[in-house]
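> Any chance you could fold what I've pasted below:
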Amino acid sequence: MQERLDVIAKAENITYKTEVYDKILDCSKGDMRRAVTLLQSCVNFYGSNGQIPSNALEEISGEVPVHLVAALWEAVKKKDFDTTTNVIDNIMLQGFPALTCLTKVHDDILDNDKIADAHKASICEAIASADKSLADGADDHLQLQAASTKLLHCW
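From the prediction side, this is the model:
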């Protein structure tokens, strides 16, 4: 994907730093069409050889900003239910769907070597249950809260 994105960028005279292309590939999660669309959006918003703010790709891709997810993890690490609830309220008020947040939490859980496999499985089960409930029409806020409660118990 990196090679193909480089070919497209070169053909379109797009010159960004390597970090931008890496972030595009990370945000696209293996979907080449999405990577090309993100590249095109960067050009539309910031030009083909300009500076791109560090949080721009998060905004363009629709991902939950790193600082919001970090706040959620801090609350979970403190095992503070009230703070966790406030962070979730903030995520919801900013308009991010629960599934987007749960996907990021899922990825973070799988990448964390400090969490026991049994706890990872339990958390992933809670995320899967929330995903199913969301598909059935459940409330985003409640499902994110339910999955986060499992995080509090397993951390």
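
> Report the rounded mean pLDDT for the longest helix along the chain.
When the chain is parsed with DSSP state H, its longest helix is helix 117-135. The average of the pLDDT scores along helix 117-135 is 96.

> how about the next helix or strand after that helix: buried residues?
Per DSSP states H and E, helix 117-135 leads on to helix 140-154 as the next helix or strand towards the C-terminus. The neighbour-count check on helix 140-154 (16 or more other C-beta atoms under 10 Å) flags 140, 143, 144, 145, 146, 147, 148, 150, 151, 154 as buried. Just so you know, the C-beta spots here come from the backbone N, C-alpha and C atoms, and that holds for glycine as well.

> Please report how far the first one lies from residue 107.
Applying C-beta to C-beta, to the nearest Å, one obtains 19 Å for the distance of residue 140 from residue 107.

> The third one now?
As for residue 144, its distance to residue 107 is 15 Å (criterion: C-beta to C-beta).

> For the chain, name the helix or strand with the lowest mean pLDDT.
helix 56-61 (a mean of 86; mean pLDDT, DSSP states H and E).

> roughly how far is that helix from the heart of the chain?
Taking the mean of its C-alpha atoms, helix 56-61 sits 10 Å from the chain's own mean (C-alpha atoms, centre = their mean, to the nearest Å).

> Also stretch 139-146?
17 Å.

> likewise stretch 53-72?
7 Å.

> how about that stretch: buried residues?
If you call a residue buried by 16+ other C-beta under 10 Å, then stretch 53-72 has these buried ones: 56, 57, 58, 60, 61, 63, 64, 68, 69, 71, 72.

> Now the fourth one: closest residue in space, sequence neighbours ignored.
Nearest-residue entry for residue 60: residue 41, 4.7 Å, with adjacent residues in sequence omitted and distances by C-beta to C-beta, 6 or more residues apart in numbering.

> that older thread, what angle separates the longest helix of the chain from helix 140-154?
Orientation check (axes from the mean of the first three to the mean of the last three C-alpha atoms, to 10 degrees): helix 117-135 against helix 140-154 gives 170 degrees.

> buried ones in helix 117-135?
For helix 117-135, by 16+ other C-beta under 10 Å, it's 119, 122, 123, 124, 126, 127, 130, 131, 133, 134.

> Residue 115 sits in which helix or strand?
Under DSSP H and E, no helix or strand contains residue 115.

> who's in contact with it?
Residue 115 makes contact with 109, 123, 154, 155 under the criterion C-beta atoms under 8 Å, 6 or more residues apart in numbering.
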